[in-house]
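Colleague: what's the 3D shape of this:
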Amino acid sequence: MKINTTLHEPSAVVLWDESFLWGLIALRTLRQKGLAFRLIRAGDIRAGALDGHKLLFVPGGWASNKLKALGDGGVEAIRQFVRDGGNYLGFCGGAGLATQDGLGLLDIQRVPSEYRVPSFSGQVLCSVDDHLLWSGIYKPVFWAWWPSQFRVKGNEVRICAQYDKALPDAYSSDIRVGSVRTEAEWSEREAKYGIHLNPARLAGEPAVVEGFFGKGRVLLSLLHFDTPDDARGNRVLRQAWSNLGGTLLAEPPAEDSCRLLSGAVKTLLHEARALIAVGESLRLWRWRTHWVLQWKRGVRGLEYCTLANMAAALAENLSFRFGDDIPEQTTEKLLAVAHLFASFRTRAEILLHQEYEAMMQEPLAYDRCNHPAMQELRISLFGSAKSYGGEFKTLLDEIDSLLFQLISPAAA
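Modeller: Here you go, the predicted model:
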């Protein structure tokens with residue numbers, strides 16, 4: 001996925017930090033739909049990068065990690081930006097960042113994990129109000145990707161959309177929604193998995209909310225209107241962008257044609273593809289769309305999916321920019337990342353085989369098991385928290401740093 005940003009100073013900025021896969025899909029969709037933006041990092045915000053802009057967009061990703069990246073200075077800069085009349089748009093994790101647990105822009109809290117339906121993904125029919133967002137949307141079906149849930153506290157918060165009914169091809173964990181026929185079946189699955197699974201629990205819950213913080217507007221969506229190739233959602237995104245002060249290009253930028261791949265790029269791609277192939281061979285996952293995996297419960301499918309997408313984006317942007325003649329310094333960095341990836345892949349393949357064997361014996365959760373050696377390897381690779389950590393996060397950050405230098409004109 002080649003990503004270009006506009007050459008002219010736009011009215012909107014996009015926060016890249018801790019978005020990874022969700023940043024990739026957001027930037028791809030923004031560009032394809034002709035929505036102008038400047039890409040920035042948390043350090044830029046602390047240095048005053050929001051000045052003179054009308055809109056800050058924060059894509060998905062772990063809200064807690066975004067908050068940590070911003071630090072106190074970044075948090076206060078965003079609050080001041082919105083207080084003074086700037087607008088804030090957040091999707092999924094970017095929406096969670098704006099709640100009372102984070103930036104405190106709206107009187108909303110995130111529902112604790114044990115009370116959520118934490119593993120829902122797919123298309124869901126929604127009930128919407130008369131907001132301009134929904135102009136031209138005659139069937140409000142949108143994509144959600146493992147969203148949080150909101151507890152709206154203040155009466156001044158407008159609920160623009162609520163969940164209604166999940167479509168049959170949606171998933172709750174690794175269960176296709178349409179494959180479960182009765183409430184009793186859902187109850188049995190929930191008892192086995194130890195989490196809430198029935199998507200009917202989402203009915204009536206807020207999906208999109210809007211409010212004010214000082215003079216600025218805050219629009220938060222647990223729905224991913226930036227999902228690639230989603231005509232309805234992308235229409236809503238374009239309308240939200242315009243409504244909140246973002247610039248619309250008369251014509252989206254043309255896509256560049258592919259160029260040759262260097263040896264270092266091929267090495268990186270080999271590592272990513274080989275790792276995905278292991279999971280496919282063990283039937284631990286399959287490609288659900290061209291950019292996201294569907295995996296069996298008990299493995300960290302989203303993490304592997306993120307690595308594959310980030311590596312592919314890095315390789316593609318390197319080839320578009322340099323072809324097979326990458327500067328020596330960049331090649332050295334790329335080979336170092338490929339070496340790090342190879343080390344991670346070796347240990348991750350061991351873990352995947354162990355998890356496959358364990359699944360044959362008992363139900364498996366991603367964060368705990370009855371095999372001490374396997375659990376130790378899991379913690380080493382991914383950390384002990386649900387959010388990113390361990391060797392995975394080290395590798396991901398290295399790829400992310402290189403990728404940002406390629407896709408951000410200011411960083412290049």
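
Colleague: per-residue confidence for residue 8?
Modeller: We have a pLDDT of 61 for residue 8.

Colleague: try residue 4
Modeller: 46.

Colleague: can you count the residues close to residue 114?
Modeller: By the criterion of other Cβ atoms under 10 Å, residue 114 has 9 neighbours. Any C-beta I mention is one placed from the backbone N, CA and C, and that applies to glycine too.

Colleague: Distance of it relative to residue 194?
Modeller: Distance of residue 114 to residue 194, computed by Cβ to Cβ, to the nearest Å: 10 Å.

Colleague: Checking residue 204 next. Helix, strand or coil?
Modeller: coil (DSSP: H, G, I helix; E, B strand; the rest coil).

Colleague: surely it meets residue 163?
Modeller: Yes. If you go by Cβ atoms under 8 Å, residue 204 and residue 163 touch, sitting 6.9 Å apart.

Colleague: The two: which has the busier surroundings?
Modeller: Taking other Cβ under 10 Å, residue 204 and residue 163 do not tie; residue 163 has more neighbours (26 against 12).

Colleague: The host helix or strand of the more buried one - contacts with which helices or strands?
Modeller: Using DSSP states H and E, residue 163 falls within strand 158-166. Identification of packing neighbours for strand 158-166 by 3 or more Cβ pairs under 8 Å, 6 or more residues apart in numbering; DSSP states H and E yields strand 120-128, strand 206-213.

Colleague: just checking, residue 195 touches residue 115?
Modeller: No. Applying Cβ under 8 Å as the test, residue 195 and residue 115 come out as separate, 10.3 Å apart.

Colleague: Give me the more crowded residue out of the two.
Modeller: Shown here are residue 195 and residue 115; by other Cβ under 10 Å, residue 195 has more neighbours (17 against 11).

Colleague: Could you tell me how far that one is located from residue 207?
Modeller: With Cβ to Cβ as the criterion, residue 195 and residue 207 are 20 Å apart.

Colleague: Do a quick rundown of the strands in the stretch 51-200 of the chain.
Modeller: Here the stretch 51-200 of the chain has its strands, by DSSP state E, counting those that start in this stretch, at 55-58, 87-91, 108-110, 120-128, 141-145, 150-152, 158-166, 171-172, 175-176.

Colleague: right, and the ones you listed - which one's nearest residue 318?
Modeller: Closest approach to residue 318 among those is made by strand 55-58 (25.6 Å; Cβ to Cβ).

Colleague: For the closest one, which helices and strands make contact with it?
Modeller: Secondary elements touching strand 55-58 (3+ Cβ pairs under 8 Å, 6+ apart): strand 12-15, helix 63-83, strand 87-91, helix 93-97.

Colleague: Any buried residues in it, and which?
Modeller: Neighbour-count burial for strand 55-58, counted by 16 or more other Cβ atoms under 10 Å, picks out 55-58.

Colleague: okay if I get the residues you listed as TSV plus pLDDT and distance to residue 318?
Modeller: As requested, the buried residues of strand 55-58 are exported to TSV (pLDDT from 0 to 100; distance: Cβ to Cβ, whole Å):
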residue	pLDDT	distance to residue 318
55	99	30
56	99	29
57	99	26
58	99	26
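
Colleague: just the helices and strands packed on strand 158-166: most buried one?
Modeller: strand 206-213 (a mean of 22; mean count of other Cβ atoms under 10 Å).

Colleague: nearest residue to residue 132 other than its sequence neighbours?
Modeller: Of all residues not flanking residue 132 in the chain, residue 243 sits nearest, at 6.0 Å (Cβ to Cβ, 6 or more residues apart in numbering).

Colleague: what does residue 123 give?
Modeller: In this structure, residue 123 finds its nearest non-sequential neighbour in residue 167, 4.3 Å apart by Cβ to Cβ, 6+ apart.

Colleague: Pull up the gap between the one you found and residue 91, please.
Modeller: From residue 167 to residue 91 the distance is 20 Å (Cβ to Cβ).

Colleague: hmm, back to that, report the strands that pair with the strand holding residue 163, each with its relative direction.
Modeller: Paired strands of strand 158-166, with direction, are strand 120-128 (antiparallel), strand 206-213 (antiparallel) (DSSP bridges).

Colleague: how about the first one as PDB, C-alpha atoms only?
Modeller: Coordinates of each C-alpha in strand 120-128 appear next as PDB, following Å, rounded to 0.1, in the frame of the first residue of the first chain:
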ATOM      1  CA  PHE A 120     -16.700  -8.500  17.900                       C
ATOM      2  CA  SER A 121     -15.800  -7.600  14.400                       C
ATOM      3  CA  GLY A 122     -17.600  -7.200  11.100                       C
ATOM      4  CA  GLN A 123     -20.600  -5.400   9.700                       C
ATOM      5  CA  VAL A 124     -23.400  -4.200  11.900                       C
ATOM      6  CA  LEU A 125     -26.700  -2.500  11.200                       C
ATOM      7  CA  CYS A 126     -27.100   0.700  13.100                       C
ATOM      8  CA  SER A 127     -29.900   3.100  14.100                       C
ATOM      9  CA  VAL A 128     -29.000   6.700  13.300                       C
END
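
Colleague: between that strand and strand 141-145, how big is the angle?
Modeller: 140 degrees (axes from the mean of the first three to the mean of the last three Cα atoms, to 10 degrees).

Colleague: now the shortest one
Modeller: Strand 206-213 and strand 141-145 are oriented at 80 degrees to each other (the same axes, to 10 degrees).

Colleague: Rounded mean pLDDT for strand 206-213, please.
Modeller: For strand 206-213, the mean confidence score works out to 98.
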